[in-house]
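# Model the following, please.
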Amino acid sequence: MGLHWLDRMTLDGSPAWELGYWLGFDYWGQGYPTAAALGLIGAVCQDLCADELVAGYATTNSQSGHVLEKLGYYMQAATSMFPVLATGHMSKTKLMRRSRGSQDRRRTP
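Model (predicted):
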């Protein structure tokens, strides 16, 4: 799991921090990415004064989209081809955004 600075991933071309994670299949469904990301998001919002974060997930991995929704991310209404760092392949990707106040948008688990 990590964050890195993107200078133009968002639809409007603005810069933002991107959250990314990769988890082995044996660890799915145990809440690890949600718990770890909550701490990381808290730190980046406080320490780096980030107002917006972005993330993407492969359309073939809807569970990752559910994790992002639990973290307060919402759809940017776009699906594009992006490289997946973990695999090195291009993948149809849904882009999501999280603004500082979007934790209020989280779905109840």
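# which stretches of the chain form strands?
Assigned by DSSP state E, the strands in the chain fall at 2-6, 16-20, 52-58, 74-83, 90-99.
# Make CSV from these and add distance to residue 28 to it.
Just so you know, the C-beta spots here come from the backbone N, C-alpha and C atoms, and that holds for glycine as well. Output for the strands of the chain, formatted as CSV (distance: least, CB to CB, whole Å):
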stretch, distance to residue 28
strand 2-6, 19
strand 16-20, 16
strand 52-58, 14
strand 74-83, 22
strand 90-99, 18
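# Can you flag the weakest of those strands by average pLDDT?
The stretch with the lowest mean pLDDT among the strands of the chain is strand 74-83, at a mean of 80.
# what angle separates that one from strand 52-58?
With axes from the mean of the first three to the mean of the last three CA atoms, to 10 degrees as the basis, strand 74-83 and strand 52-58 are set at 60 degrees to each other.
# Please name the strands paired to strand 74-83 in the sheet, noting orientation.
Applying DSSP bridges, strand 74-83 is found paired with strand 90-99 (antiparallel).
# Convert the strand it pairs with to PDB, retaining C-alpha atoms only.
The C-alpha trace of strand 90-99 is given here as PDB (Å, rounded to 0.1, in the frame of the first residue of the first chain):
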ATOM      1  CA  MET A  90      -3.000  -2.100 -19.200                       C
ATOM      2  CA  SER A  91      -6.400  -2.600 -17.700                       C
ATOM      3  CA  LYS A  92      -9.900  -1.100 -18.000                       C
ATOM      4  CA  THR A  93      -9.900   1.100 -14.900                       C
ATOM      5  CA  LYS A  94     -12.600   3.000 -13.000                       C
ATOM      6  CA  LEU A  95     -11.300   6.300 -11.500                       C
ATOM      7  CA  MET A  96     -12.400   7.400  -8.100                       C
ATOM      8  CA  ARG A  97     -11.900  10.500  -6.000                       C
ATOM      9  CA  ARG A  98     -12.000  11.300  -2.300                       C
ATOM     10  CA  SER A  99     -12.200  14.900  -1.100                       C
END
